[in-house]
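S.K.: okay, predicted coordinates and the sequence, questions at the end:
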Amino acid sequence: MGEALCAVLFDMDGTLVDSEKLWDVSLAALYTELGGDLSPQVREALVGGSAEDTIRTVYTDLGLEQDPRAMAESSRWLHDYTAELFENGLPWCDGAQELLEELAAEDVPMALVTNTLRTLTDKALNSIGAHYFSATVCADEVARGKPAPDVYECAAALLGFDPIACLAVEDSVTGSAAAERAGCPVLVVPNDVAVPPGPRRRQVSSLAGLGAQDLRRVHSELVTRPGERTA
C-alpha cells in the first residue's frame, strides 16, 4: 500500500489563476522600459521562474551588464507593475475554484506554493481567498525558489506531512521539477507551455470536473505504481 493523500500543494500562477497573461503584459512592459523586445522563446523560458532567475534571464537576453543594483531596481519595477494589474482581480483557471471548494469541504489540508514574491502573492490571495490554505510559501521566504525543492519541502513541513503524502498541482516545467525534487507526486495541468512526462507525474488538460476523490486516486497510483498516464 502507498501513502494516503494527506494534503494538496497548489502552485498559483497558471494553475489556480490565469495570471500568466498578466505577466505577459508586465514582462513586455519591462522589456520596453529596458529598450528591447520580448521574444516568444524567452517568454516561454520565463514561465514559472523565480524573480531572481527572471531578471537574470532578461538581462542576459538584452546583453545588459548584470549590475546587482540595476537588476534589483528592474525587479521592483516589474513587480510594482504586475501588482497594479493584480489589483483588478485575477481570473480563475477552469475548475480551480470548484476543486478548492470541494477539498475545503472535505477538510483536506492545502498549501499555496509559489515562486511569486510575498507582497504580490498577498495581492493575489485577495482574489483567490487566503482562507483555503493552511500555509502559503513564497520564493522569497526560502533559500532557493523553484526549480529547487525548498518551497515544497517547506510547505509539507508546515503542514506536518512527508512530501510523498502531498500531491503537488503544477502547470510549469520549473514547478513540476521543484515538486518532484522535494519528493511530491505531481498532477500537471499545462497552461501555455508543454511539460514533459515523468514517472511521478500525471497530466490532465484542465482541473475542470476533477474532485477530491480524483486527486486521491491520482496520488495513490503515482506512489504505488509510478508511470505516465492520463487521468
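M.R.: In hand now; what should we look at? Numbers count the residues shown, from 1 in each chain.
S.K.: with just CA atoms, put stretch 54-66 into PDB.
M.R.: Taking Å, rounded to 0.1, in the frame of the first residue of the first chain, the C-alpha atoms of stretch 54-66 are listed here in PDB:
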ATOM      1  CA  THR A  54      13.700  36.100 -14.400                       C
ATOM      2  CA  ILE A  55      15.700  39.200 -14.100                       C
ATOM      3  CA  ARG A  56      18.900  37.400 -14.800                       C
ATOM      4  CA  THR A  57      17.400  35.900 -17.900                       C
ATOM      5  CA  VAL A  58      16.100  39.300 -19.100                       C
ATOM      6  CA  TYR A  59      19.500  41.000 -18.600                       C
ATOM      7  CA  THR A  60      21.300  38.200 -20.400                       C
ATOM      8  CA  ASP A  61      18.900  38.200 -23.300                       C
ATOM      9  CA  LEU A  62      19.300  42.000 -23.700                       C
ATOM     10  CA  GLY A  63      23.100  41.900 -23.300                       C
ATOM     11  CA  LEU A  64      22.900  44.200 -20.300                       C
ATOM     12  CA  GLU A  65      25.600  44.400 -17.600                       C
ATOM     13  CA  GLN A  66      24.500  42.300 -14.600                       C
END
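S.K.: what's Ala96 in contact with, if anything?
M.R.: Thr15, Leu16, Val17, Leu207 (C-beta atoms under 8 Å, 6 or more residues apart in numbering). Any C-beta I mention is one placed from the backbone N, CA and C, and that applies to glycine too.
S.K.: which residue packs closest to the second one, ignoring adjacent ones?
M.R.: Same thing as Leu16. Excluding the flanking residues, the one nearest Leu16 by C-beta to C-beta, 6 or more residues apart in numbering is Ala96, at 4.6 Å.
S.K.: can you tell me which two in the contacts of Ala96 are farthest apart?
M.R.: Within these, Val17 and Leu207 form the most distant pair, 11.6 Å apart (C-beta to C-beta).
S.K.: ok, back up a step: the residue nearest to Leu16 and Arg144, how far apart?
M.R.: Using C-beta to C-beta, to the nearest Å, Ala96 is found at 27 Å from Arg144.
S.K.: for the chain, what are the low-confidence residue spans?
M.R.: Along the chain, the parts satisfying pLDDT under 70 run over 1-2, 225-231.
S.K.: ranges for the strands of it?
M.R.: 7-10, 110-114, 135-138, 166-170, 186-188, 201-203 (DSSP state E).
S.K.: which one of those strands lies closest to Val25?
M.R.: The stretch from these with the least distance to Val25 (C-beta to C-beta) is strand 110-114; that distance is 18.7 Å.
S.K.: can you show me the CA trace of the closest one as CSV?
M.R.: In CSV, the C-alpha atoms belonging to strand 110-114 read as follows (Å, rounded to 0.1, in the frame of the first residue of the first chain):
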residue,chain,number,x,y,z
MET,A,110,-3.9,22.7,1.4
ALA,A,111,-0.9,25.0,0.9
LEU,A,112,-0.1,27.6,-1.8
VAL,A,113,3.4,27.1,-3.1
THR,A,114,4.7,29.8,-5.5
